[in-house]
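Trainee: the sequence and its predicted three-dimensional model are supplied below.
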Amino acid sequence: MSQLISTRVRSKLLTLRGGLRRRLAVEAVSWLVLALVALVLVSLAFDFTLRLDRLQRGIILSLCAAGVLTVFWRQLVRPLAVAMSMDDLALLVERRYPPLGDRLISAVQFEQRQIDDQLSQAMIHRMAEQANTLAAAVDMGTIVERSRLRRVGAAALLAAAALAGLWAWQSDVMNLWLARNLAFADIPWPQRTYLNVRGGPDFTVLRGDDLEIEIDASASSVVPTQVVIHARFPSVGWTEDRLELTGNGQAVFHKKFPAVREPFEFYVTGGDDDRDRDRPHQVHLQDPPALADVRFSVDYPAYMQREQRTFDASGGALAVSIGSTVTVSALATKDIASARLLLDGREIAPLRIHSVDVGEGRPVPRELSGTFSIDLPPAPASLPASGPAPKGRDPARELRLALVDTDGYTNRHSGQYILQVLSDQPPSVTLRKRGVGINITPNAILPLDIEAKDDCGLALLQVNCRADLAKEQPKPTELKDAALGKDLRSVRVNHALDIKGAKFEPGYTVHVMVTAQDTLPEALRGPNRASSSSLDFKIVKPEELMAELVRRQKEIRLEFEQAVAQQASARAKTTSAGQSVGSGVTPETGRLLAESASLQTTVSAQCGKVASLLDAVREEMVNNRLGTPADATQLAEGIVQPLRAMGAPMAQTAAALNATAQLTQAQALREQADRIASIQADFLAKMREVLDRMAKLESRQELAYKLEVIMKTWEEVLQATRAKGEEQLKGVFETPTQPATQPATQPASGPAR
């Protein structure tokens, strides 16, 4: 169709299109300026704050550049690439100027299309004239939106001005940013604090040693209040440790890594200095010379009678007796230049170094050997040099094998052993009496049980006996080797000490003890001596002790009489139980049998007790030489042995009674009860026979010691009378030196009547 849009209106629409594109371009440039300023500031902030390395700077710059390119695409390229047709422009104008209605867009579309003949041409031209008239009056410049453009443009200008001002104010910093982030130069940022790790950058330490680190700040820099050591160990990963100033007025921080066992790395940060992060300090380990297969061979002193023994060093400790000689042999893990033996830090002997083939194709100096002696420590000033060694806790000493390898490294933390020096201990002696009491006669024999022990053997064992009031003490009795046995390390002796020849009198208190002496030589301040505890006895007259033993026998007999009565009761209960069985077994039968069993058990125990008490009386009589051999025989064979012989049968009878109580058949129970009652009657008869012997023996012994008392009293009276008569007749037959003086009533002459 012919042209409907006037040339003026068309020109205005084209001007509007150009204005819109210029507006979009200006806004896009503003956004690009803002993005570029943000790129500079963001990368500057990250780099200046975190001190980024080259890779990190590249990553940050790439991210920022990606953001700028995104802004460039979204704000400039994509908007400008959008086509603006006449239809789009007509619609934009109609939205801004509603009076146009749809006339302008309709005219544009009728102009661009073939119009149907059915439409009124006059009406179309009329609409086009109205659209041209109204559009010609529109100011197309007001349609382009400029308020947002002004805001974005102002922001871009301010951002650019701020960046320019910052660049002018901090030109050194900005130029450094430019060099670091565009040229990627490794130029450090200026900082207030400069830290230095003394002795670095890397360290080498012996395995197991402590590593001490000192960190200082440069004199021209600011000293931080604390620094942080970041260490990474293979076993635990990264760790942090904050260090404070030492407080001695120096700007030095100290860190100690104790007993380093693995290589690690660390870096130090403090204040604004984190340069160490880029190049951590490496800690390398150097293995010190160590010992393998360490063995100690101990030669003991001759008196100990021990063969040489070899110990390995796995336990870390070695027990050695004084006077021993120790030979050390070991194999080192590295080539050794020198080696020494140190005891409590003092060198006692050199270690000889031998070359040995350890599989390296040539002999290397790694085998070590040395010998030293465990000498007796000096005697205290208050103790003679030849006196016994002081007793107490054995001292623990430190033995060290000090090595220096061919690289100059030492084994400061290895080759150390505890040497337990064992002093010879005195013997142990125990003494016990047997067969006598506290009171003994002057003619007594004292049975002694002696036990003595010593690690290295006994040289002497003697029995000492003394009395408090005696003017002359008996000599000690030395026990000979035949009595001691073959093993002198542990001796058990039964010794009978006869004090008859000591002439102790009643009233004396006698002390008996045993003294043991070991084989420790005098050169080692020997020998050691030890004594047992003392056994104390009181000497009494034989008749007094006999009276006491008779009294004890009477008490035992009275106790035994009760046992006889209990036996009679047990037999009676068994008999009653058998008689109580009629047509059947009743509860009363079981009760009687149970009571009889209990009584029988009690009687059995009483017989054993009485036998032991009477046997002790017999031993005391024999050891004190009291009574006659016939009395001792009668007591042993007529009383003690029969009582002991009844013990087991009585226990069996009690068990039979308990079993009988469980029977349910009347006839069987009655027969069993009768048999047991017969056995119990047998026991009763024997017990009464023993009781009769006890009474007769007591009477005979009592009569004997009373007759002895009478005879001793008569003898003492005779001796006293004889002594008095001799005193009265003393001087009768002596020659007088002067005439005898006659009594006044005596005639001067004449035969005497």
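Mentor: Done, it's in.
Trainee: low-confidence regions, the stretch 451-600 of the chain specifically.
Mentor: 481-483, 485, 583 (pLDDT under 70).
Trainee: and the strands in it?
Mentor: Secondary structure of the stretch 451-600 of the chain (DSSP state E, counting those that start in this stretch): strands located at 458-467, 477-478, 490-498, 509-518, 529-531, 535-539.
Trainee: report the central residue of the protein.
Mentor: residue 315 (16.0 Å; C-alpha atoms, centre = their mean).
Trainee: hang on, the earlier thing: so which of the strands of the stretch 451-600 of the chain comes closest to residue 579?
Mentor: Closest to residue 579 of the strands of the stretch 451-600 of the chain is strand 490-498 (C-beta to C-beta; 55.1 Å). Glycine gets a C-beta too; all of them are placed from N, C-alpha and C.
Trainee: which SSE is the nearest residue to residue 179 once chain neighbours are set aside in?
Mentor: Nearest residue to residue 179 in three dimensions, chain neighbours excluded: residue 185, at 4.5 Å (C-beta to C-beta, 6 or more residues apart in numbering). Using DSSP states H and E, residue 185 sits in no helix or strand.
Trainee: now stretch 262-282: buried residues?
Mentor: 264-276, 280-281 (16 or more other C-beta atoms under 10 Å).
Trainee: what's the closest of those to residue 325?
Mentor: residue 264 (45.9 Å).
Trainee: so how far is residue 552 from that closest one?
Mentor: 87 Å (C-beta to C-beta, to the nearest Å).
Trainee: ditto for residue 657
Mentor: Residue 657 is 33 Å from residue 552, by C-beta to C-beta.
Trainee: separation between residue 683 and residue 648?
Mentor: In terms of C-beta to C-beta, residue 683 sits 12 Å off from residue 648.
Trainee: the two: who's more crowded?
Mentor: residue 683 (22 against 11; other C-beta atoms under 10 Å).
Trainee: what average pLDDT does the strand or helix carrying that one get?
Mentor: Using DSSP H and E, residue 683 falls within helix 666-729. Mean pLDDT, helix 666-729: 79.
Trainee: switch to numbering from 33
Mentor: Taking 33 as the first residue, the last one we looked at is helix 698-761.
Trainee: what is the burial count for the residue nearest to residue 211?
Mentor: Residue 217 has 11 nearby residues by other C-beta under 10 Å.
Trainee: that one contacts residue 210, correct?
Mentor: No: using C-beta atoms under 8 Å as the test, residue 217 is too far from residue 210 to be in contact (9.3 Å).
Trainee: shared neighbours of those two, which are they?
Mentor: Residues touching both residue 217 and residue 210 (C-beta atoms under 8 Å, 6 or more residues apart in numbering): there are none.
Trainee: so what touches the helix or strand containing residue 91?
Mentor: Secondary structure from DSSP H and E places residue 91 in helix 86-104. With C-beta under 8 Å, 6+ apart as the test, helix 86-104 has contacts from 60, 63-64, 66-68, 70-71, 74-75, 78-79, 82, 84, 212-214, 216, 218.
Trainee: what subset of the residues you listed is buried?
Mentor: 60, 63-64, 66-68, 70-71, 75, 78-79, 84, 212-213.
Trainee: can you tell me which of those residues are in strands?
Mentor: Here DSSP state E is the test, and the buried ones among the contacts of helix 86-104 give no hits in strands at all.
Trainee: now for those residues: which two are most distant?
Mentor: Once C-beta to C-beta is applied, those give 60 and 84 as the farthest pair, at 30.6 Å.
Trainee: what about residue 360, is that helix, strand or coil?
Mentor: Using DSSP: H, G, I helix; E, B strand; the rest coil, the structure places residue 360 in strand.
Trainee: show me what contacts it?
Mentor: 326, 327, 328, 373, 383, 400, 401, 402, 403, 404, 433.
Trainee: quick check, nearest of the residues you listed to residue 501?
Mentor: residue 404 (56.9 Å).
Trainee: any idea what the closest one is bridged to?
Mentor: Bridge pairing for residue 404 (DSSP bridges) gives the partners residue 358.
Trainee: so it makes contact with residue 381?
Mentor: Yes: between residue 404 and residue 381 there is a contact at 4.5 Å, judged by C-beta under 8 Å.
Trainee: shared neighbours, those two?
Mentor: With C-beta under 8 Å, 6+ apart, residue 404 and residue 381 have common neighbours residue 373.
Trainee: all the helices of the stretch 333-482 of the chain, residue numbers only.
Mentor: For the stretch 333-482 of the chain, applying DSSP state H, counting those that start in this stretch gives no helices.
Trainee: okay, domains of this structure per the record?
Mentor: Taking automatic domain parsing as the reference, the chain has its domains at 39-213, 227-318, 323-412+432-454, 460-572, 575-749.
Trainee: quote the end-to-end distance of the shortest one.
Mentor: It stands for domain 227-318. This stretch, domain 227-318, spans 27 Å end to end (C-alpha to C-alpha, to the nearest Å).
Trainee: and the next helix or strand past the stretch of helix or strand residue 301 belongs to?
Mentor: Secondary structure from DSSP H and E places residue 301 in strand 296-301. Next along the chain after strand 296-301, taking DSSP H and E as the criterion, comes strand 313-318.
Trainee: return the distance of that following strand from the chain's centre.
Mentor: 34 Å (C-alpha atoms, centre = their mean, to the nearest Å).
Trainee: stretch 465-476 now?
Mentor: 53 Å.
Trainee: helices of the stretch 583-732 of the chain, residue ranges please.
Mentor: Using DSSP H, counting those that start in this stretch, helices in the stretch 583-732 of the chain cover 619-655, 661-665, 673-677, 679-693, 698-761.
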